[in-house]
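> coordinates for the following, if possible.
(4 chains)
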Amino acid sequence: MLNAQVEPYQRLRENLSQRDRSLREKVMTLEEAASFVQDGMKVGIGGSTMSRTPMAMIWELVRQRRKNLSCSRAITSTDGDILFGSGVSDHIITSWFAQGILWGLSKVMRRHVEQGLARYEEWSHMAVGMRFRAGGMGVPFLPIRSMLGSDVMDQRPEAKQIDCPFTGEKLLLVPALNPDVALIHVQRCDAYGNAQIDGLQFMDIDLALAANRVILTTERIVSNDQIRRAPDQTKIPFFCVDAVVEVPYGSAPHECFGIYEPMLNHMEAYVAKVNSDPVEGMREYLERYFYEPKSWNEYLALIGMEEVLDASQKGRSIYND
Amino acid sequence: MLNAQVEPYQRLRENLSQRDRSLREKVMTLEEAASFVQDGMKVGIGGSTMSRTPMAMIWELVRQRRKNLSCSRAITSTDGDILFGSGVSDHIITSWFAQGILWGLSKVMRRHVEQGLARYEEWSHMAVGMRFRAGGMGVPFLPIRSMLGSDVMDQRPEAKQIDCPFTGEKLLLVPALNPDVALIHVQRCDAYGNAQIDGLQFMDIDLALAANRVILTTERIVSNDQIRRAPDQTKIPFFCVDAVVEVPYGSAPHECFGIYEPMLNHMEAYVAKVNSDPVEGMREYLERYFYEPKSWNEYLALIGMEEVLDASQKGRSIYND
Amino acid sequence: MTDTTRYTAAEILAILSARQLKDGQVVFAGVGTPLLAATLAQRLRCPGLTILFEGGVVGAFVEPGKLPPSTNDQRCTKRANMVLGSADVLLLLQRGYVDIGFMGGAQIDQFGNLNSSFIGDPAAPKTRLPGTGGGNDISSLTNMIVAMKHEKRRFVEKVDFITSPGFIRGGTSRAESGLPAGGMFRVITELAIFGFDEKTRRMKVLALNPGVSRENVQDNTGFDLVFDEQIAITEPPTEHELETLRSIDPERMFI
Amino acid sequence: MTDTTRYTAAEILAILSARQLKDGQVVFAGVGTPLLAATLAQRLRCPGLTILFEGGVVGAFVEPGKLPPSTNDQRCTKRANMVLGSADVLLLLQRGYVDIGFMGGAQIDQFGNLNSSFIGDPAAPKTRLPGTGGGNDISSLTNMIVAMKHEKRRFVEKVDFITSPGFIRGGTSRAESGLPAGGMFRVITELAIFGFDEKTRRMKVLALNPGVSRENVQDNTGFDLVFDEQIAITEPPTEHELETLRSIDPERMFI
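Modelled structure (predicted):
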């Protein structure tokens, strides 16, 4: 039985051949970049948990009231709450979904899943990674040795258990995941989209290669000359990238390696608010922080200067040795 | 039909569990490191063509007169000549085998293969890479979309063509390659074996993960503190590594990125010598450059100060911008 | 009687877990008690303990007072030997480079299967839990130590859902499911230390914590426990262990 | 008559090949004429041409006079946008990021199949050639331009061995072999420019080089050639093209 979820190779190639992969500047605003994301699309989200979350781009999609996005991410934190709570997404493919291990269960996720308002499709962490990797390699699946024997596997008919044709061993083939669009936040890139990532890279390289469009948000845009001086530091090549948006603190209140740690006071206030009332608390939070601000900088001002500076001081301290 | 070439998972795990993977110093001499390589073993060779070839380690294996090694490498240059010509190896798995594109066919390779003295097992370049990668991932195969329809595939019953269970498409499954030992040369590593690689990394990361033992030769040994200051620059983790040998110019007469370019005068003299007489020329070359020198430094002296300095000047110039 | 008022349940859990680790091991640790216990072991007895985090970290030395809020935060990379992709660090488990996986648990059964996905029917769950993260991968691919609170509702005969496999249905069922390597090694709670029978793969009590009786343990467990022939009594936490632990987590994030 | 003494066969090969490339394309180039031609195109008309090398390079600007001796040398990385693993740069072809693969050839047949592995029977070859390198991958996964010397022994009806697949046995046999994407696009020689018939997938002459007749081409070819209905005559190399080419390879490494 064939699986409709995996893109046939010819369609994958056809989609890619229609993209403009030439060396060209593609700097734009959050508003402009959001046009690559249409209702109902498959959207891959970079970073993991509270790290290098493309929060500014998610913020923009909430403001533009996108609908029915099917999102995928390594591990999902408050970004998942926001996507469900705002109605932007009704389906998240991930390996772990709560606000953070410090805060127990997410009442927002629970409400949406337990009431059948949205789906949380669970794969093991490695399986999510291998699904993006297969997508990035242009193959329909990769074999793994986990999930076997567990109920996680039983819930996933999208994967196929086989007997290895070489060794006879049991293996699980996980299907390629090729999102329509990937949202990725990086420390720096050039105007063409050649991106450098410091520290934890998570699954972002595979995701960028797998997706049919990539929107990069970046703490800063550097010159192409600077990129070319250390080409072995480029982690995502320009021809994978369709939009470059410069957004300082673009992961706030989450962290961006080497630049700022998570803004935990804001996070804690958020968690207290939405877990005490996942409907009304979420509505108020979105109103105040997502819909009302005129700009991303105004959103940062609401988080507060003190918290942003404190997070920055801690973020930079990783290099203090 | 099962394939005896692929290690069953339990043997792979058993072999690895018997290695000492603890954080410990493992600096030794070329002579000592060579003890990890026994006659008849499968040996993976890092670098590609004339770049970051672990030449000093090959030199030592020739001097110790190892036999019947089955070697594998991305692309093979004069290192392959030496391995065949010295009798160290009678089987090379690679994608391309000559001295270099500047010099046409290798008479040494031709003589050994055409006279049935040794085997050159040909896979596509990507297939070699995916075989190491499968080995490094701990899976028995990876799927690829090349080699199909070609005679390269027909010569390789070790690979298996399948119809994809997800899409129905034709795919080739290439078997994992887990060498008994890998020889890898790097710009720098610490005494534990945490290695940094500048510039072209070729297939060395996958190879290091795939092999059951890794011998690292390195231009210099740096402190573990230096490694820990930029952990995202570590390309091979210490627990993959069994021996660390400091050998400046350890790839000569090939290149080491950012440190020296190939020593082309020596290479040209070598090629002229062995291609004019692949038996006697090779014998003389090995005698003079491999067996007679008392040390690696004496070998470098035979290549000559002027050539080594010229290659170094060119090697460093990549950073002159 | 031992004076158990000197330490909290979370503290003895971290300390007894730390004692299970050996110098030179390669340990894949989850956040919370596992990270705390691994760091404690590193400071006390095991300077050569290599800690891996699923965010993509090999060989970290987390700073006291700067514990990471998750395994994906930059604090996990402090003085690490290597930082790599998160799928790639999980693949190191699959290849076999890791000696011990070390996790917390929400619900466990007699065969060491862990549930962190669903309470009730997965199709219409009473509670949707956070899910596996790397838990399924870790427990599928290496030898496991689990540190968790001992409550009757957490120690059940059969978990509602196998998120992270232990010995599945016992006997040889784990290997037959396609998991020939690894398996549950130890479970540490504030009451006791558990191993698993070589044959049946049922959980059994190896040692009781100071001041804890067999009945205490059985009363807090939802299935019939096997007791080892010679039950040991665990040495209580030393002052040095407690001081070091508290210095690592002065803000009591996890203790 | 054109004055063909102004340039060598290698020079016209490089210049006509360079003309086939378009600004903004992503081109996977082999060393030798392909690298030279791609660099020439970059200098003359296509500053936004992105050159990939199988050593693991994306978007290089090779320096004139510093041509790399292989695609795996550091010279290939000069002013590159990205340097990555060699398997990974080949995977970019498989994913579909590359517009054109650009290689040299030793032996080609009427369906554009290339042989660089064996002359004679592979089991007991008369000559063991160097092999595929990335050639098989490139020709399996993208649209190909091949630049090669035009000799009867190199242009054969059927290659001894298909190292790098063109259209295999013609018609739809390439797709049926599992290669639905890519295929042979152009063959450039010092005599002519060839394309492939849409249906039969047989090689056909699209244009003759200056001073070359149909008979010249046919006489140097080991199979019956198809000629396009309207055969063009290629513009001869300009002085500017020749000067630029010679400035890129002043040591005449490849010309």
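> and whatever helix or strand C:I138 lives in, is it in reach of chain A?
Assigned by DSSP states H and E, C:I138 falls within helix C:135-141. Yes - Helix C:135-141 lies within reach of chain A by C-beta under 8 Å from any C-beta of the partner chain, at C:135-137, C:140-141. Using the backbone N, CA and C atoms, a C-beta is placed for each residue, glycine as well.
> low-confidence ranges in the stretch 101-250 of chain A?
Of all residues in the stretch 101-250 of chain A, none has pLDDT under 70.
> mind picking the two most distant members of the residues of helix C:135-141 next to chain A?
C:G135 and C:L141 (11.1 Å; C-beta to C-beta).
> these two: who's more crowded?
Using other C-beta atoms under 10 Å in any protein chain shown, the more surrounded residue of C:G135 and C:L141 is C:G135, with 33 against 28.
> what's the closest non-adjacent residue to that one?
In space, and not counting its chain neighbours, C:G135 is closest to C:S164: 4.2 Å by C-beta to C-beta, 6 or more residues apart in numbering or on different chains.
> isn't the one you found right up against A:S150?
Yes - contact criterion C-beta atoms under 8 Å: C:S164 and A:S150 qualify, at 7.1 Å.
> is any residue of stretch C:97-114 near chain B?
Yes - using C-beta under 8 Å from any C-beta, stretch C:97-114 reaches chain B at C:97, C:99.
> which parts of that stretch are buried?
C:97-114 (16 or more other C-beta atoms under 10 Å in any protein chain shown).
> between the residues of helix C:135-141 next to chain A, which sits nearest A:A208?
Of all those, A:A208 sits closest to C:D137, with 22.7 Å by C-beta to C-beta.
> mind checking pLDDT for the closest one?
pLDDT recorded at C:D137 is 98.
> who's in contact with it?
C:D137 makes contact with A:124-127, A:146-147, C:90, C:93-94, according to C-beta atoms under 8 Å, 6 or more residues apart in numbering or on different chains.
> which one of the residues you listed sits closest to D:D197?
A:A127 (45.9 Å).
> that closest one - nearest residue in space that isn't next to it in sequence?
Closest to A:A127 by C-beta to C-beta, 6+ apart is A:V174, at 5.0 Å.
> need the contact partners of the helix or strand where that neighbour lies.
Here A:V174 sits within strand A:170-175, counting by DSSP H and E. Residues outside strand A:170-175 that contact it (C-beta under 8 Å, 6+ apart): A:3, A:5-6, A:123, A:127, A:130-131, A:134, A:140-148, A:153, A:158-164, B:139-140, B:165-166, C:177-178.
> following it, which helix or strand shows up next?
Next helix or strand after strand A:170-175 toward the C-terminus (DSSP H and E): strand A:181-190.
> what is that following strand packed up against?
strand A:42-45, helix A:55-63, strand A:195-196, helix A:204-210, strand A:214-222, helix A:224-229, strand A:234-236 (3 or more C-beta pairs under 8 Å, 6 or more residues apart in numbering or on different chains; DSSP states H and E).
> pull up the pairing partners for that strand, direction included.
strand A:42-45 (parallel), strand A:195-196 (antiparallel), strand A:214-222 (parallel) (DSSP bridges).
> how distant is the shortest one from the center of its chain?
Its chain's average C-alpha position is 16 Å from that of strand A:195-196, according to C-alpha atoms, centre = their mean, to the nearest Å.
> ok, now stretch A:56-66?
Distance, centroid of stretch A:56-66 to centroid of chain: 13 Å (C-alpha atoms, centre = their mean).
> kindly export it (C-alpha atoms) in PDB.
The C-alpha trace of stretch A:56-66 is given here as PDB (Å, rounded to 0.1, in the frame of the first residue of the first chain):
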ATOM      1  CA  ALA A  56       8.900  36.700  15.000                       C
ATOM      2  CA  MET A  57       7.700  34.900  12.000                       C
ATOM      3  CA  ILE A  58       5.200  33.000  14.000                       C
ATOM      4  CA  TRP A  59       4.100  36.300  15.500                       C
ATOM      5  CA  GLU A  60       3.500  37.700  12.000                       C
ATOM      6  CA  LEU A  61       1.500  34.600  10.900                       C
ATOM      7  CA  VAL A  62      -0.700  35.000  13.900                       C
ATOM      8  CA  ARG A  63      -1.300  38.700  13.100                       C
ATOM      9  CA  GLN A  64      -2.100  37.800   9.500                       C
ATOM     10  CA  ARG A  65      -4.500  35.100  10.900                       C
ATOM     11  CA  ARG A  66      -3.300  32.100   8.800                       C
END
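> residues of it that come out buried?
Of all the residues in stretch A:56-66, those buried under the rule 16+ other C-beta under 10 Å are A:56-63, A:66.
> tell me the centre residue of the chain?
Picking chain A for this. Closest to where the C-alpha atoms of chain A average out (C-alpha atoms, centre = their mean) is A:I45, at 1.5 Å.
> if you could check chain C rather than the one you did, that'd help
C:V146 (2.2 Å).
> C:T189: neighbouring residues, count only.
27.
> isn't it right up against C:K149?
Yes - using C-beta under 8 Å, C:T189 is in contact with C:K149, at 6.7 Å.
> need the overlap of contacts for those two.
With C-beta under 8 Å, 6+ apart as the test, C:T189 and C:K149 both reach C:L13.
> sorry, back to before: can you pull up the bridge partners for the residue nearest to the centre of chain C?
C:M103, C:V187.
> for it, which residues are in contact?
C:102-105, C:108, C:112, C:114, C:184, C:186-188.
> so for stretch A:234-248, first residue to last residue, what's the gap.
20 Å (C-alpha to C-alpha, to the nearest Å).
> does that stretch come close to chain D?
Yes - using C-beta under 8 Å from any C-beta, stretch A:234-248 comes into contact with chain D via A:234, A:237-240.
> and the residues you listed as TSV, adding neighbour count and distance to chain C?
Output for those, formatted as TSV (neighbours: other C-beta atoms under 10 Å in any protein chain shown; distance: C-beta to the nearest C-beta, whole Å):
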residue	neighbour count	distance to chain C
A:T234	23	15
A:P237	27	16
A:F238	30	20
A:F239	28	21
A:C240	28	16
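> looking at these, spot the one nearest A:A195.
When the residues of stretch A:234-248 next to chain D are compared against A:A195 (criterion: C-beta to C-beta), the nearest one is A:T234, at 6.9 Å.
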